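> A structural model of the following input is requested.
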Amino acid sequence: MAKRERVVRMSVEQPLWRALTAYRVLTMAYAVLLFVFTRDKFERPWVAVAFLAVMCLWTLATLPKVAGATSCTKRFLVADLTIALTGILLTPLADAHAQSVDGPTLPSIWTAGSVLAYAIKGGWRWAGFASSLVAVANIVERGHPSRDTLHNVLLVWVASIAIGYVVEVARASERTLARALEIEAATRERERLARDIHDSVLQVLAMVQRRGTALGGEAAELGRMAGEQEVALRTLVAGGLTRTSHVSEDESLGAVVREVDEPDETDDGPSDLRTLLAPHAGARVTFSEPGAPVLLPPAAAKELAAAVSAALDNVHRHAGEGARAWILVEDWPDEVIVTVRDDGPGIPEGRLAQAEGEGRLGVAQSIQGRLRDLGGTAELVSVPGQGTEVELKVPKARASRGKAGR
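Residues are numbered from 1 along each chain as shown. Okay, here's the model as predicted:
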């Protein structure tokens, strides 16, 4: 991942660093020629010659420093900007007449190269800092700045911040592209594994189920178990592919805005409830889900899935070996509803109250207690001889506030 990000960053920033290198050399030559043609106007030309000599030596000696983001260190940026600011402030000493005629400073437009280096290296915040220092130096040098001076200062400030912001957006876009490529590669690998599993493990399980059912006896029980594992494995593979696809479409598309406008955080995103409930599907458990992801905060999704597991555990314990169960997930705008129903003998009237009085609090704590903590409800309806139905409701607003409060 680090290697890929390094290559991607080079592809975005390298043209900018090359342009900055050329800009520094050309503006250095421009500042020297400007002095040569106007040297007669300087009261102390030796000051200008000394500064321009230092500026030229510095520019040529530090060309490798502006070859890339790695070589352009903070120490170099500070020294480079210091030279530019020194040249601006030395201008009145070399030519006092420059203040009254609003003439160019000693470094002239070479100063903008220092500000652009800040913008490319650190983004718009660094650019704003450097351009603000240049603005202050220009105002101090002029004494009584004219409208042209203020116009030039504002132009450099706005342009550098805009370039810095564009650089940040480009970096975020490239990181998003790298992430999308990784997700695509992971999806292809999952699809390959799914094909291999289908051609080997799933076919073997299906054959064991058919042969066991045909033989009867203990072999039939083995066949039934093989059938359950086949269904569970198919659901697991399909759920993994769905989750990968959802991440590539929803999370990657919003990454550019998040990375530019927000600091890096290690916060978990919402969880798809379907992926937590899908492993329960089997030969005797039917799982019905919406076509779109059912997103909840991770803690709320885990608690709701645990309540469903507790309800299914009660089915396995009390509804008999041949009982079937159905899980239905409904995603409404303001709440998520999960219904667990079975075709068992049902719960005799008063049995739950008796169990609670005896200290067996499975339904009260594992199901109702979890939903109560999430701000939801758990309703149990059971008719003797007609099975049991547990309806779990979780309000989305309460679940989100619960996550924020932790």
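> going by C-alpha atoms from here, please, whenever you check contacts or count neighbours.
Noted.
> Three-state assignment for V49, please.
helix (DSSP: H, G, I helix; E, B strand; the rest coil).
> how near is it to V32?
Distance, V49 to V32, using CA to CA, to the nearest Å: 9 Å.
> would you mind listing the buried residues in stretch 66-75?
Within stretch 66-75, the residues scored as buried using 16 or more other CA atoms under 10 Å are V66, A67, G68, A69, C72.
> which of the residues you listed fall in helices?
Secondary structure defined by DSSP state H assigns none of these to helices.
> okay, those in CSV with distance to T21 and pLDDT next?
Listed next are the buried residues of stretch 66-75 as CSV, based on distance: CA to CA, whole Å; pLDDT from 0 to 100:
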residue, distance to T21, pLDDT
V66, 6, 89
A67, 7, 86
G68, 10, 84
A69, 12, 84
C72, 12, 90
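> and of these, the nearest to L328?
Lowest distance from L328 to those (CA to CA) belongs to A69, with 53.9 Å.
> of all the buried residues of stretch 66-75, which comes closest to I109?
Ranked by distance to I109 (CA to CA), the buried residues of stretch 66-75 are led by V66 at 17.2 Å.
> ok, that closest one - contacts?
W17, R18, L20, T21, C72, A117 (CA atoms under 8 Å, 6 or more residues apart in numbering).
> where in the stretch 151-300 of the chain is pLDDT low?
Within the stretch 151-300 of the chain, the ranges that satisfy pLDDT under 70 run 190-200, 202-203, 233-268.
> for stretch 212-225, buried residues please.
Under the neighbour-count criterion of 16+ other CA under 10 Å, stretch 212-225 has G212, T213, A219, A220, L222, G223, R224, M225 buried.
> how near is the first one to G227?
So that's G212. Distance of G212 to G227, computed by CA to CA: 10 Å.
> next, count neighbours for A127.
A127 has 28 neighbours, counted by other CA atoms under 10 Å.
> so what does G346 look like in phi/psi?
The phi/psi pair for G346 (degrees, to the nearest 10) reads phi 80, psi 170.
> my read is that it contacts V383, right?
Yes - contact criterion CA atoms under 8 Å: G346 and V383 qualify, at 5.5 Å.
> and those two? which has more neighbours close in?
Between G346 and V383, G346 has the larger neighbour count (other CA under 10 Å), namely 19 against 14.
> what residues are up against that one?
By CA under 8 Å, 6+ apart, G346 lies in contact with A319, S382, V383, P384, G385, Q386, G387, T388.
> residues in contact with the second one?
Think S382. Neighbour list for S382: G346, I347, P348, T388, E389 [criterion: CA under 8 Å, 6+ apart].
> for those, which one is nearest M55?
The closest of the contacts of S382, once distances to M55 are taken by CA to CA, is E389, at 82.4 Å.
> can I assume that closest one sits in a helix?
No - looking at E389 with three-state DSSP, it is strand, so not inside a helix.
> per-residue confidence for it?
Per-residue pLDDT puts E389 at 91.
> I figured it hits V381, correct?
Yes - using CA under 8 Å, E389 makes contact with V381 at a distance of 5.2 Å.
> so how far is F287 from A305?
13 Å.
> Q229 too?
Distance from Q229 to F287, by CA to CA: 15 Å.
> for S271, what are its contacts?
If you count contacts by CA under 8 Å, 6+ apart, then S271 has V294, L295, L296, P297, P298, A301 around it.
> okay if I get the contacts of S382 as a markdown table plus distance to A112?
Shown next, in a markdown table, are the contacts of S382 (distance: CA to CA, whole Å):
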| residue | distance to A112 |
| --- | --- |
| G346 | 81 |
| I347 | 81 |
| P348 | 84 |
| T388 | 76 |
| E389 | 72 |
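> need the max-distance pair from the residues you listed.
Top of the distance list for the contacts of S382 (CA to CA): P348 and E389, 13.5 Å.
> these two: which is more packed in?
Comparing P348 with E389 by other CA under 10 Å, the one with more neighbours is E389, at 21 against 11.
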